[in-house]
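Colleague: Here is my input, please return the structure:
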Amino acid sequence: MSYCVNPSCAQPKNPNNVAVCQSCGSQLRLNNRYQPLGILGKGGFGATFGAADLSLPGNPICVVKQLRPATDDPQVYKMAKELFEREAETLGKVGNHPQVPRLLDYFEQNKEFYLVQEYVKGYNLHQEVKKKGPFTEAGVKQFLTELLPILEYIHSQKVIHRDIKPANLIRSQKDRKLVLIDFGAVKNQVNSMVANNTQTAFTAFAVGTAGFAPPEQMAMRPVYASDIYAVGVTCVYLLTAKTPKDIGCDPETGEIAWEPYVDISDSLANVLKKMLEVSVKHRYKSAEQVLDAMAMAPYEQGMQDSMTTMITGFKTPSNSSGPNSSVSTGLASSSPPTRSIGRMNTNISRGSSVSSVSTNLQSPSSSSVRGGVAGAGSISYNIAYGQTSSRRRGKTATTSTSDATAAKKKQKKWQEKTLLAAYENGRKDFTHQELNELNLSKAFLPGINCYQAKLSRINLQGAELCRADFGRSDLSQAVMKNANLSEAYLGYANLNGADLRGANLQGANLTYANLQGANLCGVDLSSARITEAQLSVAKTNWRTVMPSGKRGFW
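Modeller: All right, here's what the predicted structure looks like:
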């Protein structure tokens, strides 16, 4: 089937063997190359089509975006065209990132502009939530650790996305990575320029998506922090399955009243609150600031809890801003919401004493730091330095010393067969477990949660460990050659002397991980969260793929 792109066409569907539309007479083939097959979406300034590229073998599918400047003024049209070409060039640079669709072509036809980008097959996050239900806190943390580095790259190219929302984030069917689509820069800048140069009042014109775009963007003054706000709103949607319109806002401040609807830790709540600040002055200014805040939040919370416990003998309940502390919301519940998310939920592993908390409070710069952000995988738990602190609608969960002692006594002695059998039966939570020297070579363990586990000298050669959580774990002298650790969380992990040769660490988070003497020769670190200082104490070679995607030394 061929599809007519004329917005005024009454019958756009046509047989394959015709060159012009049978209904309106418009040329069907675009730029004498692209054959539209159907419409993917449309808005006030254009539409998006799936199309076949007839110039390439196999006629691969691509995405064609049509942009229609609403003007008859020749001078305005000329300016719009120049701006479109500059922005297309910018999108060409941004498309060099593996998680942004590549710009394949751009052209003008019948006074309409067209962008051609690669087609990404998969469900967007809006569809994913509708299908599987809301994300867990751990799932949202993983989402942030994957999306924010993409945003960091885009901003480094002097580009503001302007339309981040769940529908514009696709989980690629090919490799399960997030892909950020539908940049608003071109259509918004072209049409805002048109609006500013015509006599007609564009009262209905808005930039971005209502509810996801912050006030300064709606006022046509977007900044990099505008994208941070949109990411924050997206997180709220992922946690609640509710749009900003469904949630509503505070009539006095204009802020989204999201907190009564979520059940998350104070540390994540504080990060989201700052991302969602109405005032740009008080919001995070960059993706890097958000990532740093996520990495440091559990450390700061653990320090605060430990000091309070040592001084008073009691743990201070976490400050909840849920419905019990905000009567004006009119919502109250004594229990957290039930979630059905299509993911494996694991039990919280509790039981670290106050003394164990205090001994782990080391500086992040220390080479023997063992601790970090909980929840980079798709496992549901809330841990901060051995204690749980959750926003449970007015209810705070804590762990006592006696609980820790009891848990330690009951800790299971794991063998290779028993661990693999437990995983196959649905268990993914192995937090705080002693797994030293186990031979799990080539084991299939995606999403396993080994937070603060003891894994010294473990053999994980060739294992499937994508999205695993090794936060604060002891992986000293571990053998992880050729293992798949893509999107794994290794924050604050001790990888002293670990052998990671040939491993896949694409998109992995190694914030404050100890890499002293670790062998990273031939490791793929594309889009990984790692610093030059960390790499300087590890072994690398010309085959090591750096976070930038380039091979060789940093």
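Colleague: mind showing which ranges of the stretch 101-250 of the chain have poor pLDDT?
Modeller: Scanning the stretch 101-250 of the chain for pLDDT under 70 picks out 184-207.
Colleague: Check for me that Val116 belongs to a strand.
Modeller: Yes. In this structure, Val116 lies within a strand as judged by DSSP: H, G, I helix; E, B strand; the rest coil.
Colleague: Might you report the residue contacts of it?
Modeller: Taking CB atoms under 8 Å, 6 or more residues apart in numbering as the criterion, Val116 is in contact with 34, 51, 53, 62-65, 103-106. (Each C-beta comes from the backbone N, C-alpha and C, glycine too.)
Colleague: any idea how far it is from Ile61?
Modeller: Using CB to CB, to the nearest Å, one obtains 11 Å as the distance from Val116 to Ile61.
Colleague: got any residues that touch both of those two?
Modeller: Among the neighbours of Val116, those also in contact with Ile61 (CB under 8 Å, 6+ apart) are 51, 53.
Colleague: can you redo the contacts of Val116 as TSV with secondary structure and distance to Glu434?
Modeller: As requested, those are exported to TSV (DSSP: H, G, I helix; E, B strand; the rest coil; distance: CB to CB, whole Å):
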residue	secondary structure	distance to Glu434
Tyr34	strand	59
Ala51	strand	56
Asp53	strand	55
Cys62	strand	52
Val63	strand	50
Val64	strand	56
Lys65	strand	54
Leu103	strand	51
Leu104	strand	52
Asp105	strand	57
Tyr106	strand	58
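Colleague: Pick the one among those closest to Ala493.
Modeller: For those, the residue nearest Ala493 by CB to CB is Leu103; the value is 37.7 Å.
Colleague: Wait, that closest one touches Gln117, no?
Modeller: Yes. With contact defined as CB atoms under 8 Å, Leu103 reaches Gln117; the gap is 5.7 Å.
Colleague: Quickly list what's touching both of the two.
Modeller: With contacts taken as CB under 8 Å, 6+ apart, the residues that reach both Leu103 and Gln117 are Gly95.
Colleague: which residues touch the one helix or strand Glu108 maps to?
Modeller: Following DSSP states H and E, one finds Glu108 within strand 103-109. Residues outside strand 103-109 that contact it (CB under 8 Å, 6+ apart) are 30-31, 33, 53, 62, 81, 84-85, 88, 91-92, 95, 113-118.
Colleague: List only those of the residues you listed flagged as buried.
Modeller: With burial judged by 16 or more other CB atoms under 10 Å, the buried subset of these is 30, 33, 53, 62, 84, 88, 91, 95, 113-118.
Colleague: residues near Gln11, how many?
Modeller: 10 (other CB atoms under 10 Å).
Colleague: part of a helix, is it?
Modeller: No. Secondary structure of Gln11 (three-state DSSP): coil, not part of a helix.
Colleague: Name the nearest residue to it, ignoring sequence neighbours.
Modeller: With CB to CB, 6 or more residues apart in numbering as the measure, Ser23 is the residue that lies nearest to Gln11, at 3.8 Å, once sequence neighbours are left out.
Colleague: my guess is that neighbour contacts Pro12, does it?
Modeller: Yes. At 7.1 Å, Ser23 counts as touching Pro12 under the criterion of CB under 8 Å.
Colleague: got any residues that touch both of the two?
Modeller: Cys4.
Colleague: Tell me which of these two has more neighbours.
Modeller: Set side by side, Ser23 and Pro12 show more neighbours around Pro12, with 23 against 15, by other CB under 10 Å.
Colleague: check contacts around that one.
Modeller: When contacts are counted by CB under 8 Å, 6+ apart, Pro12 is found next to 3-6, 21, 23, 39.
Colleague: JSON lines for those, including pLDDT, distance to Glu424 and secondary structure?
Modeller: Formatted as JSON lines, these follow (pLDDT from 0 to 100; distance: CB to CB, whole Å; DSSP: H, G, I helix; E, B strand; the rest coil):
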{"residue": "Tyr3", "pLDDT": "95", "distance to Glu424": "47", "secondary structure": "strand"}
{"residue": "Cys4", "pLDDT": "95", "distance to Glu424": "53", "secondary structure": "coil"}
{"residue": "Val5", "pLDDT": "93", "distance to Glu424": "51", "secondary structure": "coil"}
{"residue": "Asn6", "pLDDT": "91", "distance to Glu424": "56", "secondary structure": "coil"}
{"residue": "Cys21", "pLDDT": "94", "distance to Glu424": "56", "secondary structure": "coil"}
{"residue": "Ser23", "pLDDT": "92", "distance to Glu424": "57", "secondary structure": "coil"}
{"residue": "Ile39", "pLDDT": "94", "distance to Glu424": "44", "secondary structure": "strand"}
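Colleague: from those, which would you call buried?
Modeller: 3-6, 21, 39.
Colleague: Just the strands from the protein, written as ranges.
Modeller: Taking DSSP state E as the criterion, the chain contains strands spanning 2-3, 13-14, 34-43, 46-53, 61-67, 103-109, 112-118, 122-124, 169-172, 178-180.
Colleague: Relative to the fourth one, what are the paired strands and their orientations?
Modeller: Spelled out, it's strand 46-53. Sheet partners assigned to strand 46-53 using DSSP bridges are listed as strand 34-43 (antiparallel), strand 61-67 (antiparallel).
Colleague: correct me, but Thr240 touches Phe135?
Modeller: No. Shown here, Thr240 and Phe135 do not form a contact pair, counting by CB under 8 Å, at 9.4 Å.
Colleague: neighbour-wise, which of those two wins?
Modeller: Higher neighbour count among Thr240 and Phe135: Phe135, with 25 against 19, using other CB under 10 Å.
Colleague: Burial check on Lys42, number of neighbours?
Modeller: Should you count by other CB under 10 Å, Lys42 turns out to have 12 residues around it.
Colleague: before we move on, what about Phe107?
Modeller: Counted with other CB under 10 Å, the neighbours of Phe107 add up to 16.
Colleague: same deal with Gly522?
Modeller: Neighbour count of Gly522, defined by other CB under 10 Å: 18.
Colleague: let's have the chain start at 17 instead
Modeller: Renumbered: residue one is now 17, and that last one reads Gly538.
Colleague: Surely it and Lys555 touch.
Modeller: No. Taking CB under 8 Å as the contact criterion, Gly538 and Lys555 are not neighbours in contact, 10.4 Å apart.
Colleague: and the closest residue to Asn112 other than its chain neighbours, how far is that from Pro260?
Modeller: The shortest distance from Asn112 to any residue other than its chain neighbours is 7.7 Å, reached at Arg118 (CB to CB, 6+ apart). In this structure, Arg118 lies at 31 Å from Pro260, with CB to CB as the measure.
Colleague: Compare neighbour counts for the two and give me the winner.
Modeller: When Arg118 and Pro260 are compared on other CB under 10 Å, the one with more neighbours turns out to be Pro260, at 19 against 15.
Colleague: any weak-confidence spans in the protein?
Modeller: The model of the chain has pLDDT under 70 over residues 60-61, 86, 200-223, 313-427, 569-570.
Colleague: tell me the most buried of the strands paired with strand 62-69?
Modeller: Greatest average neighbour count among the strands paired with strand 62-69 goes to strand 77-83 (a mean of 20), per mean count of other CB atoms under 10 Å.
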